[in-house]
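*Asks:* quick one, what's the 3D model for this:
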Amino acid sequence: MSCACGLDLDYEDTGPEGLARGERLLLWGVRTWAALRLQGQPADTTIRAAFTRAASPRTASLFLQTMMLVEGELVRPLQIQCPHCAGYAIDEQRLVTACGLAAAAPGLASRLLSCLVARPDVAAVLARALNHALALDGAPLPVRMGEPAEDARPMQTATLH
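*Replies:* Sure thing, here's the model as predicted:
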């Protein structure tokens, strides 16, 4: 299924193999947010509908709040792959992994976000709330303690400023 802008609304096949359902949903959301924003389109309607359908209105709102904070607090351009790519860019890994770590290791989640946003502690608090909402919706995020793989360079990227 796709939206009026041509983006795929199915998150199930997003990213590399081995990702949990919640990780795929987050990765799809990050990529779709970036793609829509780069097209000069608002992302909230498309993302809210997809997250509400896949999770809940609460999770949709928390994801949107998290992405608005990330976009507003960026300290450098964010490297994001197109929504259909199977790979995993390092900035995408940082965002998704930080959400998974936020409840168990908030300091580590904050450190992962520190190279992306001006206030990583604030972003980590939202990531923790998003993590909790996903768990309540049956899409818990795994706690992945390893650092993002530096060799996971994107083939195609978009830069969100």
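*Asks:* what's the pLDDT at the closest residue to Arg31 other than its chain neighbours?
*Replies:* In space, and not counting its chain neighbours, Arg31 is closest to Pro83: 4.3 Å by Cβ to Cβ, 6 or more residues apart in numbering. Heads up, the C-betas are built off the backbone N, CA and C, glycines and all. Reading off the confidence values, Pro83 has pLDDT 72.
*Asks:* if I look at Pro83, how far off is Ala50?
*Replies:* Counting by Cβ to Cβ, to the nearest Å, the gap from Pro83 to Ala50 is 11 Å.
*Asks:* ditto for Val30
*Replies:* Distance of Val30 to Ala50, computed by Cβ to Cβ: 12 Å.
*Asks:* between the two, who's got more neighbours?
*Replies:* Between Val30 and Ala50, counted using other Cβ atoms under 10 Å, the more crowded position is Val30 (28 against 23).
*Asks:* which residues does Leu78 bridge with?
*Replies:* Leu160 (DSSP bridges).
*Asks:* surely it meets Arg37?
*Replies:* No: using Cβ atoms under 8 Å, Leu78 makes no contact with Arg37, being 10.1 Å away.
*Asks:* more crowded one of those two?
*Replies:* Comparing Leu78 with Arg37 by other Cβ under 10 Å, the one with more neighbours is Leu78, at 23 against 17.
*Asks:* which pLDDT value belongs to Ile80?
*Replies:* Looking at Ile80, its pLDDT is 87.
*Asks:* how about the nearest residue to it, chain neighbours excluded?
*Replies:* Ala34 is the one closest to Ile80 (Cβ to Cβ, 6+ apart), at 4.1 Å.
*Asks:* just checking, the one you found touches Leu78?
*Replies:* Yes: if you go by Cβ under 8 Å, Ala34 and Leu78 touch, sitting 7.0 Å apart.
*Asks:* low-confidence stretches in this protein?
*Replies:* Within the chain, the ranges that satisfy pLDDT under 70 run 1-16, 145-161.
*Asks:* what touches both of Pro83 and Ala50?
*Replies:* In terms of Cβ atoms under 8 Å, 6 or more residues apart in numbering, Pro83 and Ala50 are both contacted by the residues 28, 32.
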